[in-house]
Structure formats: structure tokens, C-alpha cells
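[1] give me a 3D structure for the following:
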Amino acid sequence: MYSLVRRFIKTGIAFLFIGLAIGGWMQVQRDVLHVWPDPYLKSAHIHALLVGFVMFLILGVALWLFPRPAADDPRYTPARIEAAYWMLTSATAARVVGEVGQAYGQSAWYQWLSLIGGFGQVLGLAVYFWSMWGRIRPTGSKIREARGERF
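    Next up is the predicted model:
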């Protein structure tokens, strides 16, 4: 497992604990303080867990397990995947901070941070999958299917 794969996975684990902390705080608010958690806080919790944890793990494992890029693949470069990583990391962090900020304050700055973070997530995922598209191809299964094997 090489360094960029480890970085995706470790970043995902960091977002997992951020999401768990937000979720724990929401549970304290609900069950101890008897205050229903703000919808922005729920959104921050969901983005930290689903994009920050789940998606980062999926992207890291896909980067690790998918076949190597073809020699003539113009889309895939490690630098492009690293750029996607930084876009996704900064955008997801901005989204979480913006959503938490909106739960506790009415600053337009938090709204813009959340909005820019959301668009950054879309852009980062688009760059990642555009770059990885050529690596989503048959390798051994194509040979087995040609022999008539069904699975």
C-alpha cells in the first residue's frame, strides 16, 4: 500500500472521529440537555461520516486495488489523484466547519464556507473519477468470460 492510499484511508479515519464527536454532542444535546440538534449540525455529522469517512475509504481502497493504468491512459496521473485528494479534504473540512458554524451562528461567512465546500466536494470527486475511469476495466474476468465462464 503506497503513501497516497494510506493518506486517503487515514484521512477517512480522522473524519470518522470528527463525525462521531459531532454525533456524540448531538446525543448529549438531545438526551441530556433536551434540545433537539440543529439541522446544520446533522448535516455536518452526515458529511463527516459519509463523504469524509466512507467515501475516503472507498477512494483509497479503489486506488489501491484497481488495475494499474494502461500505458496509453492520458487521464491517470498520480499528481491528478493527489490534487483530487487535496480538493476533497479541504472541501469536506470546509463543509463540516461551515455547517457546524451555521448551527451556532448566523454569519454569512459560514454559509459561503459550506457552499464552497459542497461544490469543492463535487469537483474533487469529479476529478478523481475522471482520472480513474480508465482503471475501471476487465483484466482476468475478460479472459474467463471469453472461455464461457459465468459468474
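[2] where does pLDDT dip in the chain?
    For the chain, the stretches flagged by pLDDT under 70 are 140-143, 150-151.
[3] pull the longest helix from it.
    Counting residues, the longest helix in the chain under DSSP state H turns out to be helix 3-31.
[4] in whichever helix or strand comes after it, what's buried?
    As assigned by DSSP states H and E, the chain's next helix or strand after helix 3-31 is helix 39-46. Residues 40-46 are the ones in helix 39-46 that count as buried (16 or more other CB atoms under 10 Å). All C-beta spots, glycine's among them, are computed from the backbone N, C-alpha and C.
[5] what packs against the longest helix of the chain?
    Helices and strands touching helix 3-31, by 3 or more CB pairs under 8 Å, 6 or more residues apart in numbering; DSSP states H and E, are helix 39-46, helix 56-65, helix 78-104.
[6] as JSON lines, these with distance to Arg7 would be great.
    JSON lines is the format used below for these (distance: least, CB to CB, whole Å):
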{"stretch": "helix 39-46", "distance to Arg7": "23"}
{"stretch": "helix 56-65", "distance to Arg7": "8"}
{"stretch": "helix 78-104", "distance to Arg7": "6"}
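[7] so which of those helices is nearest Leu16?
    Proximity to Leu16 (CB to CB) singles out helix 56-65 among the helices and strands packed on helix 3-31, at 8.7 Å.
[8] which strands or helices does that closest one pack on?
    Contacts defined by 3+ CB pairs under 8 Å, 6+ apart place helix 56-65 against helix 3-31, helix 78-104, helix 108-132.
[9] buried deepest among those, which one?
    Mean neighbour count (mean count of other CB atoms under 10 Å) peaks for helix 78-104 among the helices and strands packed on helix 56-65, with a mean of 19.
[10] right, I'll leave it there.
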